[in-house]
Structure formats: structure tokens, C-alpha cells
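Q: return a 3D structure for these sequence lines:
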Amino acid sequence: MDGSAPVIVLTGASSGIGRATAWALAGQRARLVLSARDRYALELVASECHQIGAPAEVVVADVTDSKAVNELAQAAIDRFGQIDVWINNVGVGVVGPFDIAPIEAHRRVIESNLIGHMNGAHAALRHFRQRRRGTLINMISLGGWWSTPYAAAYTASKFGLRGFGQSLRAELTDMPDIHVCDVYPALVDTAGVSHGANYTGRKLKPLPPLLDPRTVAAKVVSLLRDPRPTVPVGAVAHAARFSQAVAPELRSRAIGRFLGLALTRAKPEAESDGNLFTPSQNHDVDGGYHRKSPAGLMIGMAALGLAGALWFGARAVRR
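A: Just a heads-up that it's a prediction; the model follows:
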């Protein structure tokens, strides 16, 4: 075993972006500690990493439990002697009108996405301070800039994570070798939508263009050698960032009208709390959706065009 290889803790490692990231890190011969709620799925990913050529340990933990997250950190230190990189990758969601979906579901989203990342950061940063180096990577999504109607708790958690990362970086200015990196992918072709809680009574599917999960994983790997504070992934993520700066209310109202119309046209489907309280059954990397379509590409280009027009318009007004 290469003692110079980085030791990396990865939460949410059992499917989607997490599983793709585990493969990518294994390709770098990192020493991995993989965590999620489903042991069987984790053992499968760990076996895949071993086949690629990287050691991988499995620790079952729910990130909403701070004690379990501290035990995850200690397990990594006990096994490998240190932690070099901690990747907070857990993410869940609720889709439906805010006051119709159960408040317990909204609370679970905040606990998983926001408090879960905070639990991971708390465990990792104490260790990083002792060593005076380390990299914390928070998986956020374009939801950190793009408020989404019918996903209010998800939006709250992602906006909160953006502020959380900024605050941590400000606190750590006197420790230049400790990095806090926030990753903002656009929509990704994973099973995340089908995993999430759905209280719309309609079948949900993400609108193209969709990113390959491996593209996001490659961005995460790039942060090991070149840590950066803010990392948008995909053209739509860049558009979301710009439009949040110049016309967030206009954009949100437009998205709300679009999603409301789309939901009325979608096929009926039974309501579900998805993977909020129990692990997912589908552990694939890919969601199996169409990643590109003429309509989706037009919408992506329109989002970029709108962001650019609003930016230039705002500059003209200031002048």
C-alpha cells in the first residue's frame, strides 16, 4: 500500500455521483473510506475500487447523526493514520408544494443536506487544524444559486451550504493549506429524482441537458491537485450563477410557471417519501435518462442568453 496516497473519506458513496467519484478516486490510487446507509451497496463499491487498484474501507453511517460521523472520521484515522480529503456528497430532496408535503420530510432534507454536511465538516476540520492541512469538498449543486419552486427545502439546504462554505473559508484564512471547495453541478443523469420524495402526485424526470456523473467526479478529482473555492460544472450551472446575481426573482417566477405547467402535463404517480428515511434500492451510477435533446439544449442556451442579457442590462442601468 502506498503510504503517500491521499486518504479520502467519501459520504454518499453508494450510488450516482458518489459511486462515480469512488471509481475516479480509485483510479488515482487513493486510500478510500466509503460511507452511506446501505452496507451491501458500499461493499459492492469497495470491491470495485479494489479491482481498480485502491484500498477501500466501508463504514455505514447516517450523516444526520453527528456521533456516527465522528466515528466515521475516527475509523479512517485508525485505519490509515490520517484524513487528507473529506467529501460531503449526501443529498436528498422533496418535490411538491411546500405546505402540502409533510413538514417531517422538509426537516429530513435540511438534516441530510445541510446538517449532514456540517457534521462532516466539523469532524474533518478538527483533524485538519491539528495537521494544519486538508481539503474539505462540499457537493452542493446549481440549487445553491437557482431557487427551485416545489423544492423549497432542497433550495434552503443548498443556499445554506453556499453560505456555510463562504463562512468556513473566512474563518480559515490564517491556514492556507486547509481548503474548502464547493462544487455546483448542473442537473446530472443519476437516479436522484426517482430516489427523492415526491408529493406532487405526478411522475418526475429531469429535463435535459444532463451531465454524466463521471464528469462531476472528474471535477472532484481535479480539486485534489488544484483546490478552488467555487466550482460550477456545466453551462447551466454557470447560467444559474449569473442569473442569481442579476435577476433572481424574475428567474424564479419564470421557473415556477414552467414547472407548474410541466407538472399538470406529467403522468399520475403515487406519492412517496423516497429515500428520505430508508436507503435507496437503486445503486446505479446512471439514471438512464436522455442526457441531450433539442428542447433541452434550447432551454440551456436560453438560460445562458437570459443570464447574459440580464447582466448587460444591469450594467447599462448602473451606467
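
Q: any low-confidence regions in the stretch 201-319 of the chain?
A: Filtered on pLDDT under 70, the stretch 201-319 of the chain yields the residue ranges 293-319.

Q: alpha carbons only: can I get the helix or strand harbouring residue 50 in CSV?
A: Under DSSP states H and E, the secondary-structure element containing residue 50 is helix 39-52. Below are the C-alpha coordinates for helix 39-52, written out as CSV (Å, rounded to 0.1, in the frame of the first residue of the first chain):
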residue,chain,number,x,y,z
ARG,A,39,-23.7,-1.8,3.8
TYR,A,40,-24.4,-4.1,0.8
ALA,A,41,-24.2,-1.3,-1.7
LEU,A,42,-21.0,0.0,0.0
GLU,A,43,-19.3,-3.4,-0.1
LEU,A,44,-20.1,-3.6,-3.8
VAL,A,45,-18.4,-0.2,-4.5
ALA,A,46,-15.5,-1.1,-2.3
SER,A,47,-15.0,-4.3,-4.3
GLU,A,48,-15.0,-2.3,-7.5
CYS,A,49,-12.4,0.1,-6.1
HIS,A,50,-10.2,-2.9,-5.0
GLN,A,51,-10.4,-4.2,-8.6
ILE,A,52,-9.3,-0.8,-9.9
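
Q: can you show me the helices along this protein?
A: Counting by DSSP state H, the chain has these helices, from start to end: 16-27, 39-52, 66-80, 103-109, 116-131, 152-171, 192-195, 213-225, 235-246, 248-265, 294-318.

Q: contacts only, for residue 100.
A: residue 199 (CB atoms under 8 Å, 6 or more residues apart in numbering). From N, CA and C alone the C-beta is placed, and that goes for glycine too.

Q: so for it, what's the pLDDT?
A: The confidence metric pLDDT takes the value 96 at residue 100.

Q: how near is it to residue 74?
A: Look at residue 100 and residue 74: by CB to CB, to the nearest Å, they are 41 Å apart.

Q: same check on residue 213?
A: Taking CB to CB as the measure, residue 213 and residue 74 are separated by 29 Å.

Q: between the two, which has more neighbouring residues?
A: Looking at residue 213 and residue 74 with other CB atoms under 10 Å, you find the greater number of neighbours at residue 213, namely 26 against 14.

Q: how about the more buried one: what's its closest non-neighbour residue?
A: Using CB to CB, 6 or more residues apart in numbering and skipping residues adjacent in sequence, the residue nearest residue 213 is residue 20, 4.1 Å away.

Q: pretty sure that neighbour sits against residue 221.
A: No: look at residue 20 against residue 221 with CB atoms under 8 Å: they stay out of range, at 10.3 Å.

Q: those two - which one has more neighbours?
A: Just comparing residue 20 and residue 221: by other CB under 10 Å the higher neighbour count belongs to residue 20, 24 against 16.

Q: check the more buried one and give its pLDDT.
A: Looking at residue 20, its pLDDT is 98.

Q: repeat for the one 10 residues further on
A: On the pLDDT scale, residue 30 is placed at 98.

Q: what's near enough to touch residue 278?
A: If you count contacts by CB under 8 Å, 6+ apart, then residue 278 has residue 37 around it.

Q: dihedrals phi and psi, it?
A: Its backbone dihedrals place residue 278 at phi -140, psi 150, with angles given as degrees, to the nearest 10.

Q: what does stretch 112-120 rub up against?
A: Contacts to stretch 112-120, defined as CB under 8 Å, 6+ apart, come from residues 9, 11, 63-66, 69, 86, 88, 90-92, 136, 138, 154, 156-158, 160-161, 164, 276.

Q: and the gap between the residue nearest to residue 192 when sequence neighbours are not counted and residue 178?
A: Closest residue in space to residue 192, ignoring its immediate chain neighbours: residue 16 at 6.0 Å, by CB to CB, 6+ apart. From residue 16 across to residue 178, the span is 28 Å (CB to CB).
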